[in-house]
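dropping the sequence and predicted coords here.
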Amino acid sequence: MYAISLGDDGAQLRPLEPWHAEEFLAHLERGREFIGQFIPFGSTVVDVSTARETLQRYADLRAADTASYHGIWLDGKLVGGVLTLNFDAESGNCEVGCWLEPAATGRGLITRAMRVLIDWAVEERGIHRVEWVAASGNVSSLNVARRLGMTRDGVRRQAHPYGGVRHDLEVWSILAPEWRATRARAEHTDQ
């Protein structure tokens, strides 16, 4: 399959597939409390069987062209990932998301991986609108949306009941022409 370098620090973006179930479970165990602060991601993954079921569900969604999981490996160890949700190539819309275990934070891994994912969605699949939805309290996630050049579209007030609290959800997006302009500026700055 693919292994896309995310820089010279040994980070790679790779497919996250059902046969990674044991590694996926171990990764979630290391980061469950941190990852689960604002999202229930992985809360139903409690053993190898449920890890495999989750990864198979996303493999099936990828086959149906409606969602996908991609893992982030750092020095050969799964530390997080990026995903597409509500992927609709016909309408040109998709949502993206991410997760990361605490030991891998602060390295720009999500931003770098998301650039690859959004480039693919826009340039290969013809997606026009890429959306990011995160709890208002999830400052790290919102900062990634900002770094990616996304615009805050609005707030869905108290739309996400989780952990006994109703969280506001911020909706951010970037349109294909904006993404291309953002990438062109970044490439020009890097030279």
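Perfect, I can see it now.

which parts of the protein are strands?
Using DSSP state E, the strands of the chain run over 4-5, 11-15, 68-74, 77-88, 93-100, 129-135, 151-162, 165-175.

so which of those strands gets nearest Val48?
The closest of the strands of the chain to Val48 is strand 77-88. By C-beta to C-beta, the value is 14.2 Å. Just so you know, the C-beta spots here come from the backbone N, C-alpha and C atoms, and that holds for glycine as well.

so where's the chain uncertain?
1, 188-191 (pLDDT under 70).

picking up where we left off before, so which of the strands of the chain gets nearest Asn143?
The closest of these to Asn143 is strand 129-135. By C-beta to C-beta, the value is 9.8 Å.

run through who's touching that closest one.
38-39, 86, 92-97, 118, 121-122, 141-142, 144-145, 148, 150, 153, 160, 162, 167-176, 179 (C-beta atoms under 8 Å, 6 or more residues apart in numbering).

extract the CA atoms of it and return them as CSV.
In CSV, the C-alpha atoms belonging to strand 129-135 read as follows (Å, rounded to 0.1, in the frame of the first residue of the first chain):
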residue,chain,number,x,y,z
ARG,A,129,-15.9,22.0,0.5
VAL,A,130,-13.8,20.4,3.3
GLU,A,131,-15.4,20.8,6.8
TRP,A,132,-13.9,20.5,10.3
VAL,A,133,-16.2,20.2,13.3
ALA,A,134,-14.8,20.4,16.8
ALA,A,135,-16.0,21.2,20.3
